[in-house]
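Visitor: no FASTA, just this:
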């Protein structure tokens, strides 16, 4: 067994045992509530990392006009353009790669959780329960008494997709003003600007593509994974709203101090 496989199995066993522990202590031994609690624990553990990523993402959106100005100014010299962009990032204290880091961390966690929800409802899977955790012998897959989380569920898949749409729309930011769009249409664009427009167009498509992918992904596996994805996305939406509102308040307070 190589190191990567050992690490994955260790993460899987930890998640599975936490899930069984939560299943044992929640009222009525509801596996759905246990999954929700496990999801919240994972999100709280990743809260500091995700907070930094959200702040950096918002800062990147705010400096888009300056970035575009630099790209236009040095469109013939890519080396100077890259240097100027790096200076801008340092000046505004923005890390353009910080948004990718949480995704890289969460991806192996999501795979491990997928296997937990795929195998967790099988009695034979309980053989890996730690000795200090009570073995229930069997896990009832019913959530709230009527949703079988070991099977596919179109309602949970739709909720996961809808929440993903809302979150993706939040991340992409607000639409441009009509006047700005008209000005961009009127002026002749360089090949670099056309490439940028293509990238922006692809980003807009992600608003619809990501929710569709989430829906079909959720419909392909046990609905325990759809429940996890819906809860983790809802948590992300609340966290993002809280951070953005806090940043906006801080900017308003700073502006009031400057004006005085």
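Guide: Noted; the coordinates are in hand. This is a predicted model, so every value here is computed, not measured.

Visitor: could you pull out the strands for the protein?
Guide: For the chain, strands defined by DSSP state E occupy the ranges 142-143, 147-148.

Visitor: Could you dump these into TSV with mean pLDDT added?
Guide: Shown next, in TSV, are these (pLDDT from 0 to 100):
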stretch	mean pLDDT
strand 142-143	88
strand 147-148	88
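
Visitor: how about JSON lines for the ones you listed, with distance to residue 210 and mean neighbour count added?
Guide: (C-beta placed from N, C-alpha, C; glycine too.) Listed next are the strands of the chain as JSON lines, based on distance: least, Cβ to Cβ, whole Å; neighbours: other Cβ atoms under 10 Å:
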{"stretch": "strand 142-143", "distance to residue 210": "25", "mean neighbour count": "18"}
{"stretch": "strand 147-148", "distance to residue 210": "24", "mean neighbour count": "16"}
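
Visitor: got CSV for those, with distance to residue 73 too?
Guide: As requested, the strands of the chain are exported to CSV (distance: least, Cβ to Cβ, whole Å):
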stretch, distance to residue 73
strand 142-143, 56
strand 147-148, 56
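
Visitor: Those: which one's closest to residue 227?
Guide: With Cβ to Cβ as the criterion, residue 227 lies closest to strand 142-143 of these, at 7.0 Å.

Visitor: neighbours around the nearest residue to residue 85 once chain neighbours are set aside, how many?
Guide: Spatial nearest neighbour of residue 85, excluding adjacent residues (Cβ to Cβ, 6 or more residues apart in numbering): residue 70 at 5.8 Å. Residues lying near residue 70 (other Cβ atoms under 10 Å) number 19.

Visitor: again, but for residue 232
Guide: Applying other Cβ under 10 Å, I find that residue 232 has 23 neighbouring residues.

Visitor: In this structure it contacts residue 44, no?
Guide: No. Using Cβ atoms under 8 Å, residue 232 is not in contact with residue 44, being 11.1 Å away.

Visitor: List the residues that contact residue 231.
Guide: Shown in contact with residue 231 (Cβ atoms under 8 Å, 6 or more residues apart in numbering): 35-36, 39-40.

Visitor: And for residue 228?
Guide: Each residue near residue 228 by Cβ under 8 Å, 6+ apart is listed here: 35, 38-39, 113, 117.

Visitor: Buried subset of the residues you listed, written for ChimeraX?
Guide: Buried subset of these, written as a ChimeraX selection, criterion 16 or more other Cβ atoms under 10 Å:
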select :35,38,39,113,117
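
Visitor: which helix is the longest one in this structure?
Guide: Using DSSP state H to define each element, the chain has its longest helix at helix 223-259.

Visitor: hang on, the earlier thing: can you tell me which one of the contacts of residue 228 sits lowest on pLDDT?
Guide: The lowest pLDDT within the contacts of residue 228 belongs to residue 117, which sits at 74.

Visitor: Look up how far residue 252 lies from that one.
Guide: Separation of residue 117 from residue 252 (Cβ to Cβ, to the nearest Å): 43 Å.

Visitor: before we move on, what about residue 159?
Guide: On the measure of Cβ to Cβ, residue 159 and residue 252 end up 34 Å apart.

Visitor: Comparing these two, which residue is more hemmed in?
Guide: Using other Cβ under 10 Å as the criterion, residue 159 and residue 252 rank with residue 159 on top: 20 against 10.

Visitor: residues contacting the closest residue to the more buried one other than its chain neighbours?
Guide: Among residues not flanking residue 159 along the chain, residue 230 sits closest, at 4.9 Å (Cβ to Cβ, 6+ apart). The contact partners of residue 230, by Cβ under 8 Å, 6+ apart, come to 156, 159-160, 163.
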